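Colleague: For reference, the sequence and a predicted model appear below.
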Amino acid sequence: MNDKKLTPRPSTLDRDDFVTSFGDIYEHSPWVAELTWERGLTDQHDTPSGLADAMGTTLRSATPERQLEVIRAHPDLAGKAAIAGELTDDSTREQAGAGLDQCTPEEMARFERLNAAYKDKFGFPFVMAVKGSDRHAILAAFVTRLENSPEEERRTAIEQINRIARFRLDDRAR
């Protein structure tokens, strides 16, 4: 993964500038950036991996309720928001990169069924870091993860969200 310095350098920013620069890394959840900044940043946080570790620690150490807020802020994969063009720019690029914008009608119907079954079981959307994956692998992951317990799946979703954050930070350091 990329370990170039981020621009702007996170350790040099005041709170407002840091949140403006990195508050969108976690989907509609700028509080992750706010709390990460409050914990303190050093020059080791000026790389994608360093900042991803710090922000990931913030999310992992949050209460389950706050974690669920972040999970629920994510769109369904190949869902209605994607079809309607209502995703964030990052989510649009990520889903298109995995070919979710090229699903056949049958694949779209399967995504809709799996999204519904997943939400019924867990109460939040299926989240997966789709970069480097394709729609077939994503559909297979849906089936596998539907077997998880709610607690296990919440932890899995948080780790996937932290992977998404790392990918987004890597993209910004190019």
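Modeller: Received it, and whenever you're ready, just let me know what you need.
Colleague: If you count neighbours, what's buried in the one helix or strand Lys121 maps to?
Modeller: Assigned by DSSP states H and E, Lys121 belongs to helix 105-122. Within helix 105-122, the residues scored as buried using 16 or more other Cβ atoms under 10 Å are 107-108, 110-111, 114-115, 118, 122. Just so you know, the C-beta spots here come from the backbone N, C-alpha and C atoms, and that holds for glycine as well.
Colleague: outside of the helix or strand just after it, which residues touch it?
Modeller: With elements assigned by DSSP H and E, the helix or strand that comes after helix 105-122 is helix 135-145. Residues outside helix 135-145 that contact it (Cβ atoms under 8 Å, 6 or more residues apart in numbering) are 77-78, 98-100, 102-103, 107, 110-111, 114, 118, 126, 128, 130, 133, 153, 156.
Colleague: now helix 135-145 against helix 105-122, angle please.
Modeller: 30 degrees (axes from the mean of the first three to the mean of the last three Cα atoms, to 10 degrees).
Colleague: following helix 135-145, which helix or strand comes up?
Modeller: For helix 135-145, the following helix or strand on the C-terminal side (DSSP H and E) is helix 150-172.
Colleague: any idea how far that next one is from the chain center?
Modeller: In terms of Cα atoms, centre = their mean, to the nearest Å, the centre of helix 150-172 is set 5 Å apart from its chain centre.
Colleague: likewise stretch 165-174?
Modeller: 12 Å.
Colleague: Dump the C-alpha coordinates for that stretch into CSV.
Modeller: What follows is stretch 165-174, C-alpha atoms only, in CSV (Å, rounded to 0.1, in the frame of the first residue of the first chain):
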residue,chain,number,x,y,z
ALA,A,165,-10.8,4.3,4.9
ARG,A,166,-7.2,3.0,4.2
PHE,A,167,-8.0,2.8,0.5
ARG,A,168,-9.4,6.3,0.5
LEU,A,169,-6.4,7.7,2.3
ASP,A,170,-4.0,5.8,-0.1
ASP,A,171,-5.9,7.4,-3.1
ARG,A,172,-5.3,10.9,-1.6
ALA,A,173,-1.6,10.4,-1.3
ARG,A,174,-1.0,9.7,-5.0
